[in-house]
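>>> Return a 3D structure for these sequence lines:
(2 chains)
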Amino acid sequence: GQQVMQIPQYQHVQEGEDFTTYCNSSTTLSNIQWYKQRPGGHPVFLIQLVKSGEVKKQKRLTFQFGEAKKNSSLHITATQTTDVGTYFCAGARSMEYGNKLVFGAGTILRVKS
Amino acid sequence: DAGVTQSPTHLIKTRGQHVTLRCSPISGHKSVSWYQQVLGQGPQFIFQYYEKEERGRGNFPDRFSARQFPNYSSELNVNALLLGDSALYLCASSLSGDYGYTFGSGTRLTVV
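Residues are numbered from 1 along each chain as shown, chains lettered A, B, ... in the order given. Got it, this is the predicted structure:
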């Protein structure tokens, strides 16, 4: 079945440093979504990428979708303590109605102030 | 406007028992999905419902079932509970199921 691999598993950075997490799917995706989950919380939707090669920015966050629609990345510039949490990518496969999301295992981000 | 609400928030059950988890989607959202999140892992897809019909099923045994009601709320039922069913069960709603989901806070199920 479809698998979504995410690396690294864990990253600990100094406040102000940059952070990147990578996501790779074993199959071509209809779209990819990114979620953030704070410790003890639930996933919160960040963004959805649909087009091949798409790049989207949200303030210090930059999201990319690969040309083959099988890989994606999230880059955070100048991390802050509020960025702490687990970042999940979720590859979407189309069903008759809506999408089935296959989540990666997530990247845990810790920020030292 | 209320978000996705789930009940109960926490639950402790004994092996072999049955459990029902409930979810109310955001008003106007017709698609509800259920996910299981084991500690340290990403959410795993269980079911998707749209307009009261099952539209997708993940790789879970038949002990797991769900339904969606006319008001678009949903229930997830798990029979013959196993220790391995201990997890955070997340409900997510979406307008049509093809854009980003809004997750509820989840139900933490512990099977002892």
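
>>> give me the number of residues near residue 55?
With no chain named, the answer covers chain A. Counted by other CB atoms under 10 Å in any protein chain shown, the residues lying close to A:V55 total 11. C-beta here means a position set from N, CA and C on the backbone, and glycine is covered the same way.

>>> You answered for a different chain; I wanted chain B.
B:R55 is flanked by 19 other residues according to other CB under 10 Å.

>>> what residues does the helix or strand bottoming out on mean pLDDT in chain A touch?
Least confident element among the helices and strands of chain A, by mean pLDDT, DSSP states H and E: strand A:99-103 (a mean of 86). Under the contact criterion CB atoms under 8 Å, 6 or more residues apart in numbering or on different chains, strand A:99-103 has outside partners A:2-4, A:25, A:30-31, A:33, A:35, A:88-93, B:33, B:35, B:42-45, B:48, B:56, B:58, B:97-98, B:101.

>>> In the sheet, which strands lie alongside it, parallel or antiparallel?
According to DSSP bridges, strand A:99-103 forms sheet pairs with strand A:85-94 (antiparallel).

>>> Tell me where the model's unsure across chain B.
For chain B, the stretches flagged by pLDDT under 70 are B:1, B:97.

>>> Okay, the closest residue in space to A:V55 that isn't next to it in sequence and chain B: tell me how far apart.
Spatial nearest neighbour of A:V55, chain neighbours left out: A:Q64 (5.1 Å); criterion: CB to CB, 6 or more residues apart in numbering or on different chains. For A:Q64, the distance to chain B equals 17 Å [CB to the nearest CB, to the nearest Å].

>>> same check, this time on A:G40
From A:G40 to chain B the distance is 10 Å (CB to the nearest CB).

>>> List phi and psi for that residue.
Main-chain dihedrals, A:G40, degrees, to the nearest 10: phi 80, psi 0.

>>> Also the one 4 residues further on?
For A:V44, the backbone dihedrals are phi -120, psi 130 (criterion: degrees, to the nearest 10).
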